[in-house]
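Chemist: The following block contains a protein sequence and its predicted model.
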Amino acid sequence: MTKSFCGTPEYLAPDIIKGEGHSFEVDWWSLGALVYEMLHGRPPHFNRDKHAMLKDIINKDIPFNSKNFSPEAKDFLMKILDKDPKTRLGGFTADKNKNAEDDAQDVRAHPFF
């Protein structure tokens with residue numbers, strides 16, 4: 001776990017913003033924000049006011065008001081942009097027999113891909 005606060009604000013996971021400590025699950029969030037932007041044209045919580053944007057990332061649901069999201073894309077984004085790193089797609093698992101490659105496989109196995 002680390003408590004560093006770095007990255008492009010539009011792609012920061014709630015875990016980073018809260019400063020409670022985070023691990024590689026934040027990378028999966030960033031991937032989700034990038035995929036969202038590629039499909040929609042903007043990151044999920046884009047706001048010119050950076051402070052408001054950071055609050056929205058922590059507090060607001062992901063908006064899906066665009067017709068650019070297939071059912072598979074929406075499901076993928078809802079799972080990878082889960083605010084809880086313990087249930088986030090690709091995120092940490094308490095299973096000591098799994099590793100980062102297993103988590104990456106979980107992401108690649110999603111029907112979106």
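Modeler: Sure thing, it's come through.

Chemist: tell me the contacts of residue 1?
Modeler: Residues in contact with residue 1 (CB atoms under 8 Å, 6 or more residues apart in numbering) are 21, 22, 23. All C-beta atoms are positioned from the backbone trio N, CA, C, and that covers glycine.

Chemist: Can you select the buried ones from those in ChimeraX?
Modeler: Filtering the contacts of residue 1 down to the buried ones (16 or more other CB atoms under 10 Å) takes a single ChimeraX command:
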select :22
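
Chemist: Switch the contacts of residue 1 over to CSV; also include secondary structure.
Modeler: Output for the contacts of residue 1, formatted as CSV (DSSP: H, G, I helix; E, B strand; the rest coil):
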residue, secondary structure
21, coil
22, strand
23, coil
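
Chemist: which one of the contacts of residue 1 is nearest residue 45?
Modeler: residue 22 (17.5 Å; CB to CB).

Chemist: Give me the pLDDT for the nearest residue in space to that closest one that is not next to it in sequence.
Modeler: Nearest non-adjacent residue to residue 22, counting by CB to CB, 6 or more residues apart in numbering: residue 15, 3.8 Å away. Per-residue pLDDT puts residue 15 at 93.

Chemist: mind listing what residue 15 touches?
Modeler: Applying CB under 8 Å, 6+ apart, the residues contacting residue 15 are 21, 22, 25, 26, 29, 85.
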